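S.K.: okay, structure incoming, though there's no sequence with it:
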């Protein structure tokens with residue numbers, strides 16, 4: 001208790017001295033409002049998680065003393081700067097919090113912040129081509145010749161240097177040369193104004209007295225005409241309201257668990273997973289951080305859909321690390337970046353007893369104990385300067401900043417100060433200089449521990465849900481990406497192959513508009529969402545689900561009488577038929593598909609008659625309208641059914657095109673993805689595989705050679721192969 005009291009007294013003194021009590025109280029106000037209304041709020045983000053005052057005000061949910069987080073990393077009494085809490089909210093309800101802030105502090109005192117979009121190379125080519133009245137197809141082809149690096153296209157000058165086809169087009173046609181010349185002159189200019197995704201400012205008086213304002217036509221709230229940099233220089237305080245999809249997925253999962261009649265601490269089989277404190281209810285913040293199933297999931301790298309650790313590189317690191325505590329997850333979040341990544345093998349080997357821990361100096365061993373003797377966090381750089389060289393934590397933060405930004409003048413001044421301070425603590429000059437050089441290296445790479453700890457907690461929450469409530473968790477995750485077919489295919493494969501969970505295919509009598517969970521013969525299973533089908537939309541599907549209620553549809557005509565199919569739309573109905581969503585009403589998918597025009601017309605007539613009946617005393621509501629005759633046609637062949645299903649769902653759900661060919665492929669020595677995955681864990685291997693092509697992306701190497709990533713699937717999963725330039729060009733010839 002004394003340690004907490006001393007830390008609170010210290011932080012409150014600094015906050016008051018720097019004039020920021022109001023800032024903390026404003027943030028605490030809107031976070032409390034959000035939590036009181038069930039809006040999910042992240043446990044923390046950025047350096048703000050290092051404040052005990054923020055924890056006491058429930059701004060953050062991390063005890064900074066429990067995680068050894070430093071207040072000075074957030075607010076340094078030796079360097080006057082604005083505090084900056086970044087707050088994560090559920091992405092679906094973030095706007096509610098911003099609306100509350102407007103109402104609470106006055107609409108005229110609250111605004112979002114403008115941001116400016118630059119004209120990039122591809123857009124410049126398209127814009128100039130339109131002005132020059134060139135054919136759309138030609139301009140589109142030229143734009144696609146500009147390579148993409150990361151998420152942005154390269155400059156036109158770079159594209160001309162790297163892409164011979166573009167150079168040839170410019171040489172051959174004067175209008176193309178002119179287009180590229182004009183486009184290069186426009187490239188990089190500001191093209192449009194929009195609203196910053198997260199930033200909000202709150203003033204102590206009407207904002208139009210302080211800064212110019214701009215009304216984004218797509219928003220009800222004005223925005224400052226000063227961007228993020230200049231709005232702070234104008235004296236306004238910025239608050240970041242960020243939408244985090246993971247919080248939304250967690251909330252969906254909690255809602256589905258509650259809908260099943262269970263509490264969070266009760267497993268599907270009735271086992272009590274933990275004992276919640278009184279009044280905790282279904283608060284994810286109260287789950288235990290020592291759950292064996294969760295760490296087993298991490299160690300096995302079964303982390304598809306688990307926050308922060310989904311990539312194949314992260315999965316490999318998890319297998320090597322075999323995490324056993326939350327500190328391991330914090331360290332991995334911090335280490336898995338360019339630079340620090342080179343220390344992952346050493347961390348894993350020391351943790352698992354495969355090599356001895358190296359001591360930099362006995363005086364700082366306790367600081368590096370939780371990271372296996374390796375400097376991982378910026379806070380450790382500060383603590384080492386404090387313990388070894390007598391710095392205050394505020395001064396150590398200034399040292400860290402100078403090191404991280406490689407400010408030569410500051411470094412030249414700090415080096416002798418550090419060495420002299422270390423010598424005063426009994427450290428030899430050579431060792432002090434060695435440690436200073438080490439800190440200099442790691443200050444550039446080191447990660448903010450407060451942020452890593454906060455995001456590690458969110459990662460753990462998702463891993464815990466996946467380990468203990470897998471169906472509800474995966475349904476929640478899939479609801480967040482309900483229109484992203486590529487992601488849904490990965491999640492569906494994880495359910496079936498990774499977790500052994502059945503998927504109920506889309507069905508108008510069992511599915512909701514979104515993904516849900518129910519129980520089958522083998523336990524919990526996921527019910528596929530009607531709204532996840534391509535070109536359908538959840539709003540149209542809710543019309544069907546609401547009309548169904550608790551009474552299943554019996555026939556296609558029963559459906560047509562109870563649902564206004566004209567409002568649903570023919571295109572969504574086609575996708576439902578392709579996906580087999582009407583199979584319970586008529587298993588012949590081709591007949592259903594070919595009957596849709598007649599069914600929509602019949603439904604429209606019935607609902608028009610029902611509307612007339614409401615104003616007629618003796619109206620029969622259209623019940624006597626004759627049902628149309630459905631065509632007598634044979635069903636699609638099995639391969640056709642799978643193809644139509646793939647068109648609607650975006651991937652193969654009820655079967656796979658290779659199913660019938662697997663015996664013959666087996667005789668050719670072909671192995672499935674599942675078999676190759678299992679064998680590859682024992683060591684490298686050469687294997688023959690077969691797959692149906694589901695997509696491809698072409699790229700260009702640093703040497704200018706084209707290659708492709710080809711997405712394939714077989715009956716056991718999805719995978720991607722790289723086709724190098726020689727094979728790619730040979731394939732084009734065929």
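M.R.: Arrived safely, thanks for sending. All values reported here derive from a predicted model rather than from experimental measurement. Residues are numbered from 1 along each chain as shown.

S.K.: what residues sit buried inside stretch 336-345?
M.R.: Of the residues in stretch 336-345, those buried under the neighbour-count criterion (16 or more other C-beta atoms under 10 Å) are 336, 340, 343-344. All C-beta spots, glycine's among them, are computed from the backbone N, C-alpha and C.

S.K.: helices - which of those residues land there?
M.R.: When DSSP state H defines the helices, the subset of those inside them is residue 344.

S.K.: and which of the buried residues of stretch 336-345 is nearest residue 272?
M.R.: Using C-beta to C-beta, residue 336 is the member of these that sits closest to residue 272, with 34.4 Å.

S.K.: tell me which two of the buried residues of stretch 336-345 sit farthest apart.
M.R.: 336 and 343 (10.3 Å).

S.K.: strands along this structure, start to end?
M.R.: 86-90, 110-118, 148-149, 152-153, 190-202, 213-214, 223-224, 237-244, 503-504, 516-520, 523-527, 692-700, 706-714, 717-723 (DSSP state E).

S.K.: between those strands, which gets nearest to residue 103?
M.R.: When these are ranked by proximity to residue 103 (C-beta to C-beta), strand 110-118 comes first, at 9.1 Å.

S.K.: how about residue 293, what does it touch?
M.R.: Shown here is residue 293, whose contacts under the criterion C-beta atoms under 8 Å, 6 or more residues apart in numbering are 467-468.

S.K.: I'd guessed residue 382 sits against residue 392; true?
M.R.: No - Residue 382 sits out of contact with residue 392 when judged by C-beta atoms under 8 Å, with a separation of 9.7 Å.

S.K.: follow-up on the earlier one: tell me which of the strands of the chain sits most buried.
M.R.: Mean neighbour count, computed with mean count of other C-beta atoms under 10 Å, is highest for strand 223-224 among the strands of the chain, reaching a mean of 27.

S.K.: that strand pairs with which strands?
M.R.: Each strand that pairs with strand 223-224, with its direction, by DSSP bridges: strand 110-118 (parallel), strand 213-214 (antiparallel).

S.K.: these: which one's closest to residue 593?
M.R.: Closest approach to residue 593 among those is made by strand 110-118 (43.1 Å; C-beta to C-beta).

S.K.: what mean pLDDT does that closest one have?
M.R.: Predicted confidence along strand 110-118 averages 90 (mean pLDDT).

S.K.: can you list contacts of it?
M.R.: Taking contacts as C-beta under 8 Å, 6+ apart, the residues outside strand 110-118 that touch it are 98, 101-102, 188-197, 199-203, 207, 213-214, 216, 219, 221-228, 231, 238.

S.K.: and if you look at stretch 330-349?
M.R.: With contacts defined as C-beta under 8 Å, 6+ apart, stretch 330-349 is touched by 67, 308-309, 313-314, 317-318, 320-323, 354-355, 370-372, 374, 376-377, 444-447, 449, 452-453, 455-456, 459.

S.K.: do that again at 7 Å, thanks
M.R.: Counting by C-beta atoms under 7 Å, 6 or more residues apart in numbering, stretch 330-349 makes contact with 308, 313-314, 317, 320-321, 355, 371-372, 374, 376-377, 445, 447, 449, 452-453, 455-456, 459, all of which sit outside it.

S.K.: end-to-end on it?
M.R.: One end of stretch 330-349 sits 17 Å from the other (C-alpha to C-alpha, to the nearest Å).

S.K.: ok now it, how far from the chain's centre?
M.R.: Centroid displacement of stretch 330-349 relative to its chain, using C-alpha atoms, centre = their mean, to the nearest Å, is 21 Å.

S.K.: could you do stretch 384-399 as well?
M.R.: Computed by C-alpha atoms, centre = their mean, the chain-centroid distance of stretch 384-399 equals 36 Å.

S.K.: give me the buried positions along it.
M.R.: Of the residues in stretch 384-399, those scored as buried under the neighbour-count criterion (16+ other C-beta under 10 Å) are 384-391, 393-399.

S.K.: out of those residues, who's nearest residue 45?
M.R.: Distance to residue 45, by C-beta to C-beta, is smallest for residue 397 among the buried residues of stretch 384-399, at 19.0 Å.

S.K.: the closest one touches residue 382, doesn't it?
M.R.: Yes - the pair formed by residue 397 and residue 382 meets the contact definition of C-beta atoms under 7 Å, at 5.8 Å.

S.K.: who touches both of those two?
M.R.: Shared contacts of residue 397 and residue 382, defined by C-beta under 7 Å, 6+ apart, are found at 72-73.

S.K.: report the angle between the helix or strand of the chain with the lowest mean pLDDT and strand 706-714.
M.R.: In the chain, the helix or strand scored least confidently by mean pLDDT, DSSP states H and E is helix 725-733, which has a mean of 76. Put simply, helix 725-733 runs at 70 degrees to strand 706-714, going by axes from the mean of the first three to the mean of the last three C-alpha atoms, to 10 degrees.

S.K.: what helices or strands is helix 725-733 leaning on?
M.R.: Identification of packing neighbours for helix 725-733 by 3 or more C-beta pairs under 7 Å, 6 or more residues apart in numbering; DSSP states H and E yields strand 706-714.

S.K.: mind listing the strands the strand it packs on pairs with, and their directions?
M.R.: strand 692-700 (antiparallel), strand 717-723 (antiparallel).

S.K.: can I get those strands in a markdown table including mean pLDDT and distance to residue 248?
M.R.: As requested, these are exported to a markdown table (pLDDT from 0 to 100; distance: least, C-beta to C-beta, whole Å):
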| stretch | mean pLDDT | distance to residue 248 |
| --- | --- | --- |
| strand 692-700 | 82 | 27 |
| strand 717-723 | 87 | 25 |
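
S.K.: distance to residue 470 added to those strands, as a markdown table?
M.R.: Supplementary listing: the strands paired with strand 706-714 in a markdown table, determined by distance: least, C-beta to C-beta, whole Å:
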| stretch | distance to residue 470 |
| --- | --- |
| strand 692-700 | 25 |
| strand 717-723 | 18 |
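
S.K.: closest one to residue 289 among these?
M.R.: Proximity to residue 289, assessed across the strands paired with strand 706-714 by C-beta to C-beta, is greatest for strand 717-723 (32.1 Å).

S.K.: run the chain-centre distance for the closest one.
M.R.: Averaged over its C-alpha atoms, strand 717-723 has a centre that lies 22 Å from its chain's centre (C-alpha atoms, centre = their mean).

S.K.: same thing with stretch 159-172?
M.R.: With C-alpha atoms, centre = their mean as the basis, the distance from the averaged C-alpha position of stretch 159-172 to the chain average is 37 Å.
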